[in-house]
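Enquirer: sequence unknown, structure follows:
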Ligand SMILES: CSC[C@H]1O[C@H](OP(=O)(O)O)[C@H](O)[C@@H]1O
Ligand SMILES: Nc1ncnc2[nH]cnc12
């Protein structure tokens with residue numbers, strides 16, 4: 001393969017609350033992946049779907065032992081990248097902040113507001129500083145494909161919407177819920193940040209299907225969100241989500257290459273630390289995430 005050729009496609013799926021397995025994956029094996037950032041949420045289910053290599057990671061671990069603020073997002077993204085994943089589809093439960101997004105709605109979000117406070121948000125830092133753009137935090141190539149295959153499968157999806165990522169694990173107060181609504185946010189969840197930021201740093205295309213499970217706590221005609229409501233709605237929608245993932249895998253080879261938005265090349269312009277000022281250990285930890293742009297420098301040190 002020429003040095004600049006895009007990596008062969010591999011779809012990563014991060015399953016959120018209520019999605020701990022994808023039974024349709026063939027030749028499936030749960031693989032443990034070591035990372036320089038610690039342990040991922042669980043083993044990763046690697047196999048094929050409609051002939052496409054895929055990797056599935058349950059975000060909260062099988063059986064849901066991890067809270068949203070206890071997920072090692074860096075390890076998860078590093079592990080998927082290490083396995084060869086090029087694109088990540090996040091399947092996430094969310095609360096709705098809009099009357100016209102009732103439980104059962106699927107939203108392919110296109111913006112995020114990050115209100116999380118206690119999480120590692122970057123692979124980079126002292127010894128190697130990088131600034132990637134998050135102006136368009138979702139990959140439109142992947143989002144377009146998700147929207148198209150969902151419609152072809154007869155699923156109703158809303159394209160676009162702002163996902164407010166809160167720290168959790170408690171649900172919002174009514175004042176917070178109203179605040180997010182006044183900001184024009186569409187859905188609220190606890191996990192897609194810093195996940196989307198880290199995917200961008202790792203040059204992975206990232207899109208989310210936000211699956212509405214409740215009206216949070218702002219709606220006068222609906223009760224406050226409870227975990228059992230979330231799980232009940234998700235179970236009712238799990239087969240739709242799996243249909244979507246299979247259809248996505250079937251169409252995956254037809255997506256434009258390379259990514260028109262440049263998700264797969266963001267590090268070409270993001271590193272600011274001069275090669276001579278880089279910390280060798282930091283550079284080594286970034287072998288999977290940034291190896292494409294660091295290989296030469298590392299070899300020289
Ligand atoms: C069980 S409800 C709250 C929980 O569900 C969402 O997680 P995920 O995005 O992984 O589906 C939400 O963000 C919270 O973590
Ligand atoms: N209302 C809500 N707030 C935050 N995360 C959620 N996940 C599902 N429903 C949610």
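Expert: Sure, I can see it. Keep in mind it's a predicted model, so treat the numbers as computed, not measured. Numbering: from 1, shown residues only. Ligands and ions are numbered 1, 2, ... in the order given.
Enquirer: quick one: low-confidence parts of this structure?
Expert: Scanning the chain for pLDDT under 70 picks out 1-4, 296-301.
Enquirer: can you do 90?
Expert: 1-7, 156, 236-239, 253-257, 295-301 (pLDDT under 90).
Enquirer: Neighbours of the closest residue to ligand 1 within it, how many?
Expert: Nearest residue of the chain to ligand 1 (CB to the nearest ligand atom) works out as residue 16 at 2.2 Å. Quick note: C-beta positions are derived from backbone N, CA and C, even for glycine. Look at residue 16: counted by other CB atoms under 10 Å, it has 27 neighbours.
Enquirer: For it, list the residues it contacts.
Expert: Contact analysis of residue 16 by CB atoms under 8 Å, 6 or more residues apart in numbering lists 59-60, 90-93, 191, 211.
Enquirer: Those residues in strands, which ones?
Expert: Among the contacts of residue 16, the residues falling in strands (DSSP state E) are 90-93, 211.
Enquirer: Which of the residues you listed sits closest to residue 250?
Expert: Set against residue 250, the nearest of the ones in strands among the contacts of residue 16 by CB to CB is residue 91 (17.2 Å).
Enquirer: what residues are up against that closest one?
Expert: Residues in contact with residue 91 (CB under 8 Å, 6+ apart) are 13-16, 19, 208-209, 211, 241, 245.
Enquirer: In the residues you listed, which residue is surrounded by the most others?
Expert: Neighbour counts for these, by other CB under 10 Å, peak at residue 208, which reaches 31 neighbours.
Enquirer: Ligand 1 contacts on this structure?
Expert: Applying CB under 6 Å from any ligand atom, we find that the chain lies next to ligand 1 at 16-17, 59-60, 68, 92-93, 168, 189-191, 227, 230.
Enquirer: I figured residue 292 hits residue 203, correct?
Expert: Yes: counting by CB atoms under 8 Å, residue 203 is a contact partner of residue 292 at 6.9 Å.
Enquirer: Show me which of those two is the more surrounded one.
Expert: Between residue 292 and residue 203, counted using other CB under 10 Å, the more crowded position is residue 203 (23 against 15).
Enquirer: which non-adjacent residue is nearest that one?
Expert: Excluding its sequence neighbours, the residue lying closest to residue 203 (CB to CB, 6 or more residues apart in numbering) is residue 264, at 5.1 Å.
Enquirer: Count the neighbours of residue 183 for me.
Expert: Counted with other CB under 10 Å, residues neighbouring residue 183 total 11.
Enquirer: could you show me where the strands are in this protein, in order?
Expert: Under DSSP E, the chain gives strands at 11-15, 26-31, 44-49, 52-58, 87-96, 106-108, 111-115, 157-159, 162-166, 187-189, 205-214.
Enquirer: can you tell which of these is closest to ligand 2?
Expert: strand 87-96 (2.3 Å).
Enquirer: what angle separates the closest one from strand 11-15?
Expert: Relative orientation of strand 87-96 versus strand 11-15 (axes from the mean of the first three to the mean of the last three CA atoms, to 10 degrees): 30 degrees.
Enquirer: do strand 87-96 and ligand 2 meet at all?
Expert: Yes: using CB under 6 Å from any ligand atom, we find that strand 87-96 touches ligand 2 at 93-95.
Enquirer: Switch the residues you listed over to TSV; also include neighbour count.
Expert: Converted to TSV, the residues of strand 87-96 next to ligand 2 look like this (neighbours: other CB atoms under 10 Å):
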residue	neighbour count
93	23
94	31
95	28
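Enquirer: Common neighbours of residue 292 and residue 203, please.
Expert: residue 267.
Enquirer: Adding distance to residue 118, write the contacts of residue 91 out as JSON lines.
Expert: Shown next, in JSON lines, are those (distance: CB to CB, whole Å):
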{"residue": "13", "distance to residue 118": "26"}
{"residue": "14", "distance to residue 118": "20"}
{"residue": "15", "distance to residue 118": "23"}
{"residue": "16", "distance to residue 118": "19"}
{"residue": "19", "distance to residue 118": "25"}
{"residue": "208", "distance to residue 118": "21"}
{"residue": "209", "distance to residue 118": "26"}
{"residue": "211", "distance to residue 118": "25"}
{"residue": "241", "distance to residue 118": "29"}
{"residue": "245", "distance to residue 118": "31"}
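Enquirer: I figured the residue nearest to residue 203 hits residue 256, correct?
Expert: No: using CB under 8 Å as the test, residue 264 is too far from residue 256 to be in contact (11.6 Å).
Enquirer: Just want to know which of these two has more residues nearby.
Expert: Using other CB under 10 Å, the more surrounded residue of residue 264 and residue 256 is residue 264, with 21 against 9.
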